[in-house]
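Undergrad: coords please:
(one chain, ligands or ions: 1)
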Amino acid sequence: MKNTRISLTRHLVEKQRVDGHIPGQLRLLLEVVARACKSISHAVNKGALGGVLGSAGSENVQGEVQKKLDIIANEVLIEANEWGGHLAAMASEEMEGIYVVPNRYPQGEYLLLFDPLDGSSNIDVNVSIGTIFSVLKMPDDDRGVEEQDFLQPGRQQVAAGYCVYGPQTTLVLTVGDGVDVFTLDREQGSFVLTREGLRIPEDTQEFAINMSNMRHWDEPVRRYVDECLAGREGPRGKDFNMRWIASMVADVHRILTRGGIFMYPWDKREPHKPGKLRLMYEANPMGWLVEQAGGAATNGRERILDVQPRQLHERVSVILGSRNEVERVTRYHREAAPAA
Ligand code: P6P
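TA: Below you'll find the predicted structure:
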């Protein structure tokens with residue numbers, strides 16, 4: 001049967017040519033990122049056969065032990081994107097400072113941020129992991145690119161997406177006009193459009209949180225989860241299910257696909273940190289994707305995309321997913337601390 005599905009390339013060309021929605025340089029950037037994700041998927045799928053499992057014997061800027069695949073994925077994204085002329089610089093969870101495009105290559109007008117391989121603790125046990133990316137525009141000025149150029153709130157993003165390396169390799173992307181899903185056709189060697197205009201159900205009966213941290217949570221999160229656990233006999237009048245994959249990409253992909261609420265809130269274990277997840281290359285891209293699919297994303301008090309970053313690797317509390325549930329948890333936070 002003739003393959004009637006359209007490729008990522010054609011989808012992006014049509015957004016550029018037909019809708020005029022994205023400039024050529026942004027289309028090029030997104031195609032290069034997709035090709036890099038294809039290479040990462042290939043390395044991930046090799047597993048033990050490729051000698052890529054296990055620790056790299058080093059730590060990243062977050063103080064986390066780096067897996068060999070963390071470093072491989074980071075290098076793949078850097079090498080794929082540095083020569084194309086569409087980027088001024090890159091920033092990664094795996095690198096302390098920004099990576100300015102070397103002078104031997106032309107500099108472009110975009111900034112690319114990424115978590116090259118999110119969910120690394122799942123690599124060695126064959127559970128889904130993924131790449132998360134966010135695209136910003138360089139501020140208009142004639143000086144060289146600096147770290148402060150990256151410190152833009154998430155509402156400034158011009159593109160965001162992730163690639164989940166699971167039973168399928170799936171790229172999920174927004175350029176501000178909805179969320180589209182592309183599945184890697186390994187026979188063709190290209191991503192093909194498999195879902196257009198993804199929408200998250202406004203209500204859900206499924207929550208995602210690491211329950212082992214319950215004793216450390218703040219009262220609003222405790223209240224929300226207790227009500228879910230009380231089920232149909234409790235104030236919610238319905239039973240809830242729980243999922244926690246410990247891979248944000250996999251949990252968010254499930255929520256984008258069938259609804260749900262994902263929470264990684266502030267907790268008492270490290271009270272000086274606002275949360276565990278990183279604002280610039282985890283919460284912002286995921287928050288924008290969720291909003292573009294009709295969901296919501298807050299830090300418990302304000303819209304994640306309105307948070308003004310102060311540091312490249314700053315962390316944030318994350319509550320995202322089905323709009324009505326996120327609004328409930330956010331309301332509980334405001335009721336508990338109206339002044340905050
Ligand atoms: P925990 C993976 O390390 C990650 O950054 C996210 O992908 C995931 O949601 C979270 O941390 C899991 O954290 O504390 O449950 O292991």
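Undergrad: My reading is that Tyr332 is in a helix; is that accurate?
TA: Yes: Tyr332: assigned to a helix according to DSSP: H, G, I helix; E, B strand; the rest coil.
Undergrad: Could you measure from it over to Ile304?
TA: Distance, Tyr332 to Ile304, by C-beta to C-beta, to the nearest Å: 17 Å. Bear in mind the C-beta positions are built from the backbone N, C-alpha and C, glycine included.
Undergrad: These two: which is more packed in?
TA: Neighbour count, other C-beta atoms under 10 Å: between Tyr332 and Ile304, Ile304 has more, with 27 against 19.
Undergrad: wait, what's in contact with the closest residue to that one other than its chain neighbours?
TA: Counting by C-beta to C-beta, 6 or more residues apart in numbering, Ile304 lies nearest to Gly287, which is 4.0 Å off, once chain neighbours are set aside. Counting by C-beta atoms under 8 Å, 6 or more residues apart in numbering, Gly287 touches Gly154, Ala297, Arg303, Ile304, Leu305, Val318, Leu320.
Undergrad: Gly287 belongs to a strand?
TA: No: under the criterion used here (three-state DSSP), Gly287 is helix, not part of a strand.
Undergrad: how close does it sit to Glu59?
TA: Relative to Glu59, and taking C-beta to C-beta, Gly287 is found at 27 Å.
Undergrad: contacting residues around Asn60?
TA: Gln66, Asp70, Glu93, Glu94, Met95 are the contacts of Asn60 under C-beta under 8 Å, 6+ apart.
Undergrad: just these now: which is nearest the ligand?
TA: Nearest to the ligand among the contacts of Asn60: Glu93, at 8.6 Å, using C-beta to the nearest ligand atom.
Undergrad: That closest one contacts Pro285, doesn't it?
TA: No: with contact defined as C-beta atoms under 8 Å, Glu93 does not count as touching Pro285 (12.0 Å).
Undergrad: quick one: the helices in the protein?
TA: Assigned by DSSP state H, the helices in the chain fall at 8-17, 24-46, 68-81, 219-230, 248-258, 284-292, 323-336.
Undergrad: okay, and for the chain, where does confidence drop off?
TA: Applying pLDDT under 70 to the chain flags the ranges 1-3, 338-340.
Undergrad: change it to 80
TA: 1-4, 19, 51-52, 54, 61-65, 141-142, 338-340 (pLDDT under 80).
Undergrad: Briefly note if stretch 193-211 comes near the ligand.
TA: Yes: for stretch 193-211, a contact with the ligand is found by C-beta under 6 Å from any ligand atom, at Asn210.
Undergrad: what's the span of that stretch from first residue to last?
TA: 36 Å (C-alpha to C-alpha, to the nearest Å).
Undergrad: can you pull the contacts of Glu147?
TA: By C-beta under 8 Å, 6+ apart, the neighbours of Glu147 are Ala91, Gly97, Ile98, Leu312.
Undergrad: Please disregard the earlier target; I meant Pro235.
TA: Residues near Pro235 by C-beta under 8 Å, 6+ apart: Glu227.
Undergrad: any idea how far it is from the ligand?
TA: Here Pro235 is placed at a distance of 27 Å from the ligand (C-beta to the nearest ligand atom, to the nearest Å).
Undergrad: That residue and Glu227, how far apart?
TA: 5 Å.
Undergrad: ok, Glu146 - how many residues close by?
TA: 13.
Undergrad: Make CSV from the helices of the chain and add distance to Thr194 to it.
TA: Output for the helices of the chain, formatted as CSV (distance: least, C-beta to C-beta, whole Å):
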stretch, distance to Thr194
helix 8-17, 11
helix 24-46, 14
helix 68-81, 23
helix 219-230, 31
helix 248-258, 11
helix 284-292, 16
helix 323-336, 24
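Undergrad: Tell me which of those sits nearest to the ligand.
TA: Here helix 248-258 is closest among the helices of the chain (C-beta to the nearest ligand atom), at 3.3 Å.
Undergrad: Around the ligand, which positions in the stretch 1-150 of the chain sit nearby?
TA: Residues of the stretch 1-150 of the chain lying near the ligand (C-beta under 6 Å from any ligand atom): Asp118, Gly119, Ser121.
Undergrad: how about a cut-off of 5 Å?
TA: Applying C-beta under 5 Å from any ligand atom, one finds that the stretch 1-150 of the chain approaches the ligand through Asp118, Gly119.
Undergrad: ok, back up a step: and among the helices of the chain, the most buried is which?
TA: Mean neighbours per residue, mean count of other C-beta atoms under 10 Å, is largest over the helices of the chain for helix 284-292, with a mean of 27.
Undergrad: now what about stretch 118-128, what contacts it?
TA: Under C-beta under 8 Å, 6+ apart, the answer for stretch 118-128 is 44, 47, 53-54, 64, 66-67, 69-70, 93, 117, 129-132, 162, 164-167, 245-250, 253, 282.
Undergrad: hmm, which of those residues are the buried ones?
TA: 44, 53, 66-67, 69-70, 93, 117, 129-132, 162, 164-166, 245, 247-250, 253, 282 (16 or more other C-beta atoms under 10 Å).
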